[in-house]
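> Give the three-dimensional model of this entry:
(one chain, ligands or ions: 2)
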Amino acid sequence: MAHDASSSPAADLSRPSDALHRRGLMFILSSPSGAGKTTIARRLLAEVPDIAMSVSATTRPMRPGEVDGKDYHFVSQDEFDRMVEANEFYEWAHVFGKSYGTPKAHIRTQLKAGQDVLFDIDWQGTQQLYQKAQADVVRVFILPPSLAELNRRLVGRGTDSAEVIAARMARAQAEISHWDGYDYVVVNDDVETCFAKVQQILEAERMRRTRQTGLIDFVRELTRS
Ligand SMILES: Nc1ncnc2c1ncn2[C@@H]1O[C@H](COP(=O)(O)OP(=O)(O)OP(=O)(O)O)[C@@H](O)[C@H]1O
Ligand SMILES: Nc1nc2c(ncn2[C@@H]2O[C@H](COP(=O)(O)O)[C@@H](O)[C@H]2O)c(=O)[nH]1
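Numbers count the residues shown, from 1 in each chain. Ligands and ions are numbered 1, 2, ... in the order given. Below you'll find the model as predicted:
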């Protein structure tokens, strides 16, 4: 689906925020488990305006500290299968032996209203969203500085059993092999630096000409003699 700059009839050009109205984007963060995408996502949500999290559904158990409906919609496998059958997902995939999916609800409305939507999904989901909405999608892959550090982070997080951590470490290299399917790649050595880089990517992508739907009117008014 291609989106180009188009006129917005209701725009009040004396107000720059109206004139520069833009379409929202789908901002995807992926990484091997434990590299830090949830940490970066939480910072973006806390510090950057006009971005909302896409809350996935999953069949995996809730971790300590997670909140149903905020971190995930925690559902049974039967409920997940029903949602697949009812075509309620934008994309879904099996990850680490569990089911994960992005519910469709509200996303299109948010994008039209100029609200960005943040996705913490794996490479399979990223490919599906890119195939469906290429022009709206920005793909960012987060790399750990090393596999030893990745393991330290998974252990240090203290939310998963040794067995779960071993399974995620065993998948890490396969996950990393998808780095070249992304628009941007950032190494998360230091949280502050990584967050700043991801925020810069988001701000630059917001300025893309094709996303600024009010530009034609704005420039026409600007150059009227
Ligand atoms: N740059 C960093 N330096 C040190 N620790 C970090 C860094 N970034 C994140 N962490 C820590 O590493 C752990 C894993 O981070 P996080 O949960 O954000 O990873 P994730 O990629 O979302 O993992 P998952 O895919 O399993 O949900 C957390 O305890 C987090 O505080
Ligand atoms: N394709 C999708 N992948 C998803 C979705 N929600 C999360 N994920 C990815 O799953 C793994 C594991 O997540 P965790 O919270 O159990 O550690 C991670 O790579 C997430 O990005 C989704 O809706 N679709």
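> and stretch 103-120, which residues are buried?
Using 16 or more other C-beta atoms under 10 Å as the test for burial, stretch 103-120 gives 103, 107, 110-111, 114-120. Every C-beta, even on glycine, is put in place using the N, C-alpha and C of the backbone.
> That stretch spans what distance, first to last residue?
Here the two ends of stretch 103-120 are set 13 Å apart, with distance taken as C-alpha to C-alpha, to the nearest Å.
> Name the residues that touch it?
21-30, 37-38, 41, 44-45, 50-57, 73, 83, 88-90, 102, 125-126, 129, 136, 202, 206 (C-beta atoms under 8 Å, 6 or more residues apart in numbering).
> let's see 7 Å
For stretch 103-120, the surrounding residues in contact (C-beta atoms under 7 Å, 6 or more residues apart in numbering) are 21-29, 37-38, 41, 44-45, 50-54, 57, 88-90, 102, 136.
> ok, which of the buried residues of stretch 103-120 also contact ligand 2?
Counting by C-beta under 6 Å from any ligand atom, residue 120 from these sit close to ligand 2.
> Which ones among the buried residues of stretch 103-120 lie within strands?
Residues of those located in strands (DSSP state E): 103, 116-120.
> closest to ligand 1 among these?
Nearest to ligand 1 among these: residue 120, at 6.5 Å, using C-beta to the nearest ligand atom.
> For beta bridges, what are the partners of that closest one?
Under DSSP bridges, the beta-bridge partners of residue 120 are residue 29.
> can the host helix or strand of residue 82 be found next to ligand 2?
According to DSSP states H and E, residue 82 maps onto helix 77-85. No - Helix 77-85 lies out of reach of ligand 2 by C-beta under 6 Å from any ligand atom, never closer than 10.6 Å.
> and the angle for the following helix or strand past that helix with helix 77-85?
The helix or strand immediately downstream of helix 77-85 is strand 89-95, counting by DSSP H and E. Calculated by axes from the mean of the first three to the mean of the last three C-alpha atoms, to 10 degrees, strand 89-95 forms an angle of 140 degrees with helix 77-85.
> what secondary structure does the spatially closest residue to residue 185 that is not a sequence neighbour sit in?
In space, and not counting its chain neighbours, residue 185 is closest to residue 141: 4.8 Å by C-beta to C-beta, 6 or more residues apart in numbering. Secondary structure state of residue 141, per DSSP: H, G, I helix; E, B strand; the rest coil, is strand.
> Please identify the helix or strand for the closest residue to residue 98 other than its chain neighbours.
Spatially, and ignoring its direct neighbours in sequence, residue 98 is nearest to residue 60 (4.0 Å; C-beta to C-beta, 6+ apart). Residue 60 belongs to no helix or strand when elements are defined using DSSP H and E.
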